[in-house]
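Undergrad: Predicted structure and sequence below. I'll ask about it afterward.
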Amino acid sequence: MLTEIGGYLEKQPSNPYRKMDPIDLLDTLQRSSFQYFLGQANPENGLVADSTWHGSPCSIAAVGFALACYPVAVERGWMSRTDALERTLVTLLSYSFLLR
């Protein structure tokens with residue numbers, strides 16, 4: 001696709017999502033977003049980084065989003081109930097230990 005930018009025609013990258021069914025598109029975006037929490041969660045304590053930048057801090061907000069995502073992921077078949085339960089327990093036990 002060619003787009004005029006500042007008087008010049010520039011080729012724009014094609015958008016692979018443009019022709020997707022809206023339901024499939026939403027499912028793809030939701031699943032991709034969920035993958036963030038799997039990739040950024042520390043398996044030893046359940047803390048989740050605020051961004052993908054190296055050395056990014058973790059926050060209670062990111063952890064809260066992850067905990068809310070796990071049941072949805074189980075219902076949609078993106079993760080097993082056992083894995084969701086294990087991740088949740090690791091996280092809650094870590095916070096329990098920190099509050100002592």
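TA: That came through fine. All of these numbers come straight from a predicted model, not from anything done at the bench.
Undergrad: Now do the helices in the chain.
TA: Counting by DSSP state H, the chain has helices at residues 22-40, 60-76, 81-98.
Undergrad: Counting neighbours, which bits of the shortest one end up buried?
TA: Of the residues in helix 60-76, 62-63, 66-67, 69-70, 73-74 count as buried by neighbour count, 16 or more other C-beta atoms under 10 Å. All C-beta atoms are positioned from the backbone trio N, CA, C, and that covers glycine.
Undergrad: just the last one next, same as before
TA: Within helix 81-98, the residues scored as buried using 16+ other C-beta under 10 Å are 84, 87, 90-91, 94.
Undergrad: What is the lowest-pLDDT residue among the residues you listed?
TA: Scanning these for pLDDT, the smallest score is found at residue 94, 91.
Undergrad: Please name the spatially closest residue to that residue (chain neighbours excluded).
TA: residue 45 (4.1 Å; C-beta to C-beta, 6 or more residues apart in numbering).
Undergrad: who touches that neighbour in this structure?
TA: 90-91, 94 (C-beta atoms under 8 Å, 6 or more residues apart in numbering).
Undergrad: Then residue 66?
TA: Residue 66 neighbours (C-beta under 8 Å, 6+ apart): 37, 41, 46, 48, 87, 91.
Undergrad: please redo it, this time with the cut-off set to 7 Å
TA: Counting by C-beta atoms under 7 Å, 6 or more residues apart in numbering, residue 66 touches 37, 41, 48.
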